[in-house]
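Asker: with the sequence up front, the predicted model follows.
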Amino acid sequence: MKLTIKLILLFLLFSKQGFSQDSLCVHAADGNAKAKGIKMSVSFPCNWTEIESRPNDQVLKFIKKDEESKILTSVSLDITDLPQGVPPAEAKSFLTPEILSDGSGEIVSKRSLTIDKISGSQIIRKDAANNFYKSFNYFFYKNKLVTIAYYAVLGAEVNVKDYFTLFDSYLSKTKFK
């Protein structure tokens, strides 16, 4: 009897994991001229739609619009050259959560983080007027500033922390080569 209950619970656990998350696709920056020679990849759901990246430093941008729940999520990858005359060691000192706190919107959280052995910082901001959240993740890699930004415009009442957890799970799959 106990074995049957354990098997049922195990089945339910695996089926929930298998069906509750969208399948993820890996998107490589390799070969993209805007990547400035940086080889890396980011992962997020395959059902997100690529849109044209406009700024010079934006390597890619994907969105998902859910009409039913009125929620828009997106991710962008930007790779920027360091300013002229700023040594890489000095530039890394600018990447602390305290220094990155300048900017618009209420700060929801800030922290240091490490992804694929590369240290960085994360700032999550909220624009209360529009229920718009932005998770900026900054890394210095091979003398470039790499920014992976996730956005969520929430038109419905949802637990925004679930989105931060989801975005962090995507971020954790980032690979620097």
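Answerer: In hand now; what should we look at?

Asker: strands along the chain, start to end?
Answerer: With DSSP state E, the ranges of strands along the chain come out as 24-28, 40-45, 49-50, 58-66, 71-81, 106-115, 118-127, 132-141, 144-154, 175-176.

Asker: relative to strand 58-66, how tilted is the fifth one?
Answerer: This points to strand 71-81. If you take axes from the mean of the first three to the mean of the last three C-alpha atoms, to 10 degrees, strand 71-81 sits at 180 degrees to strand 58-66.

Asker: for strand 71-81, buried residues please.
Answerer: Residues of strand 71-81 classed as buried: 71-79 (neighbour count, 16 or more other C-beta atoms under 10 Å). Where you see a C-beta, it was placed from the backbone N, CA and C, and this is true even at glycine.

Asker: give me the contact list for it.
Answerer: With C-beta atoms under 8 Å, 6 or more residues apart in numbering as the test, strand 71-81 has contacts from 27, 29, 34-36, 38, 42, 44, 48, 53, 55, 57-66, 143-156, 158, 163, 167, 170.

Asker: the last one too?
Answerer: Contact with strand 175-176 is made by 39-41, 115-118, 139, 141, as judged by C-beta under 8 Å, 6+ apart.

Asker: if any of the residues you listed are buried, put those into a ChimeraX selection.
Answerer: Burial among those is assessed by 16+ other C-beta under 10 Å; the matching ChimeraX selection reads:
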select :40,41,115,118,139,141
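
Asker: turn the contacts of strand 175-176 into CSV, including pLDDT and distance to Phe132.
Answerer: Converted to CSV, the contacts of strand 175-176 look like this (pLDDT from 0 to 100; distance: C-beta to C-beta, whole Å):
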residue, pLDDT, distance to Phe132
Lys39, 97, 32
Met40, 98, 27
Ser41, 97, 27
Ile115, 97, 24
Asp116, 97, 28
Lys117, 96, 32
Ile118, 95, 27
Phe139, 94, 23
Tyr141, 93, 28
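
Asker: that'll do, ta.
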